[in-house]
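*Asks:* need coordinates for the below:
(one chain, ligands or ions: 1)
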Amino acid sequence: MATKDDVTIGILAMQGAFAEHQVILQKLSIKRKVVTTLVRTMDDLERCDALIIPGGESTTIALLARLAGLLEPLRAFVRKKPVWGTCAGAILLSSSVEGAKKGGQELLGGISVTTARNGWGSQVESFEAALNVDGLRDSLKPFTGVFIRAPVILSISPTALEPPVQVIARLSTELLPKNQTLIPADEDNTDPRDTRCVVALRQGHHLLTTFHPELTRDDRFHEYFVRECVLPSLI
Ligand SMILES: NC(=O)CC[C@H](N)C(=O)O
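*Replies:* Have a look, this model is predicted:
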């Protein structure tokens with residue numbers, strides 16, 4: 001049972017890698033006690049100070065959230081409290097998505113980016129890459145990004161009113177596996193405004209990673225989310 005000094009972080013548990021996030025959060029060693037809760041109902045969501053939307057299948061997560069009556073409550077939550085989306089969760093937090101199936105894809109929005117689903121190819125084209133991430137604990141030590149049918153960030157919208165988008169990690173194209181081509185494959189990536197190599201960013205108290213920090217044994221992204229996004233929002 002959470003006390004008023006504890007921080008409750010929910011993990012949306014419709015489908016996907018929610019259990020892995022919970023395991024890492026439960027082992028975090030930080031000043032405040034973190035209580036985790038799997039979110040499947042409105043009551044679960046109401047207890048949360050912040051939320052993680054895991055990787056999985058964004059269309060399935062959205063469909064199951066709709067069936068659970070959670071889509072609108074989740075949208076309202078994103079407007080108020082910190083949310084971190086990993087992979088499929090990153091797609092759901094995007095303001096728009098390209099390559100959505102016919103009939104469209106329901107999004108929660110919250111972060112001013114346009115993403116493309118499966119932008120690095122299919123499951124067999126999954127890969128790992130070492131990332132340098134601004135603001136991570138021991139930031140000189142690279143973080144292993146696990147990319148599984150990951151989305152690509154096609155653009156970051158200029159934001160006049162919202163908090164600015166802050167890129168915290170880019171993939172170095174030289175580190176990409178040889179069979180990996182960035183969409184669209186025929187363009188080079190020398191333009192600094194090219195967002196296709198951006199793999200982690202923040203906007204206000206929201207965090208987006210196109211890869212899966214929960215599938216590593218490295219807790220630094222979870223610690224970062226709590227330290228940089230969640231705790232400041234409670235003050
Ligand atoms: N690993 C993942 O979360 C994959 C995301 C998936 N490609 C989607 O569109 O939702």
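
*Asks:* tell me the secondary structure for the nearest residue to Cys48 once chain neighbours are set aside?
*Replies:* Nearest residue to Cys48 in three dimensions, chain neighbours excluded: Gly10, at 3.6 Å (CB to CB, 6 or more residues apart in numbering). From N, CA and C alone the C-beta is placed, and that goes for glycine too. Using DSSP: H, G, I helix; E, B strand; the rest coil, the structure places Gly10 in strand.

*Asks:* give me the next element, helix or strand, following the one helix or strand Trp84 maps to.
*Replies:* Per DSSP states H and E, Trp84 falls inside strand 83-86. Going down the chain from strand 83-86, the next helix or strand is helix 88-93, by DSSP H and E.

*Asks:* near the ligand, anything from that following helix?
*Replies:* Yes. Helix 88-93 lies within reach of the ligand by CB under 6 Å from any ligand atom, at Ala88, Ile91.

*Asks:* whichever helix or strand comes after that helix packs against which elements?
*Replies:* Downstream of helix 88-93, the first helix or strand assigned by DSSP H and E is strand 94-98. For strand 94-98, the elements it packs on are strand 111-116, judged by 3 or more CB pairs under 8 Å, 6 or more residues apart in numbering; DSSP states H and E.

*Asks:* the next helix or strand after the strand it packs on near the ligand anywhere?
*Replies:* Going down the chain from strand 111-116, the next helix or strand is strand 127-131, by DSSP H and E. No. Applying CB under 6 Å from any ligand atom, one finds strand 127-131 out of contact with the ligand, separated by at least 12.1 Å.

*Asks:* how far does strand 127-131 sit from the chain's center?
*Replies:* With CA atoms, centre = their mean, to the nearest Å as the basis, the distance from the averaged C-alpha position of strand 127-131 to the chain average is 16 Å.

*Asks:* check stretch 125-142 too.
*Replies:* 15 Å.

*Asks:* report the buried residues of it.
*Replies:* Neighbour-count burial for stretch 125-142 flags Glu125, Ser126, Phe127, Glu128, Ala129, Leu131, Val133, Leu136, Pro142 (criterion: 16 or more other CB atoms under 10 Å).

*Asks:* which two among those are spaced furthest apart?
*Replies:* Glu125 and Leu136 (26.1 Å; CB to CB).

*Asks:* neighbours of Ala160, how many?
*Replies:* 6 (other CB atoms under 10 Å).

*Asks:* do Ile24 as well
*Replies:* 21.

*Asks:* find me the pLDDT at it, would you?
*Replies:* Looking at Ile24, its pLDDT reads 97.

*Asks:* ok, back up a step: the strand holding Trp84 close to the ligand?
*Replies:* No. Counting by CB under 6 Å from any ligand atom, no contacts exist between strand 83-86 and the ligand, the nearest distance being 7.1 Å.

*Asks:* show me what that strand pairs with in its sheet, parallel or antiparallel.
*Replies:* Using DSSP bridges, strand 83-86 pairs in its sheet with strand 50-53 (parallel), strand 206-209 (parallel).

*Asks:* run through who's touching the first one.
*Replies:* In this structure, residues lying in contact with strand 50-53 by CB atoms under 8 Å, 6 or more residues apart in numbering are 7-12, 18, 21, 25, 39, 45, 61, 74, 77, 81-86, 88-89, 92-93, 108, 205, 225-226, 229-230, 233.

*Asks:* which parts of the chain are strands?
*Replies:* Secondary structure of the chain (DSSP state E): strands located at 7-12, 34-39, 50-53, 83-86, 94-98, 111-116, 127-131, 143-147, 152-156, 165-170, 198-203, 206-209.

*Asks:* need the nearest residue in space to the residue nearest to the spatial centre of the chain, chain neighbours excluded.
*Replies:* Nearest to the geometric centre of the chain sits Gly85, at 2.4 Å (CA atoms, centre = their mean). Leaving aside its sequence neighbours, Gly85 sits nearest to Leu93 (CB to CB, 6+ apart; 3.9 Å).
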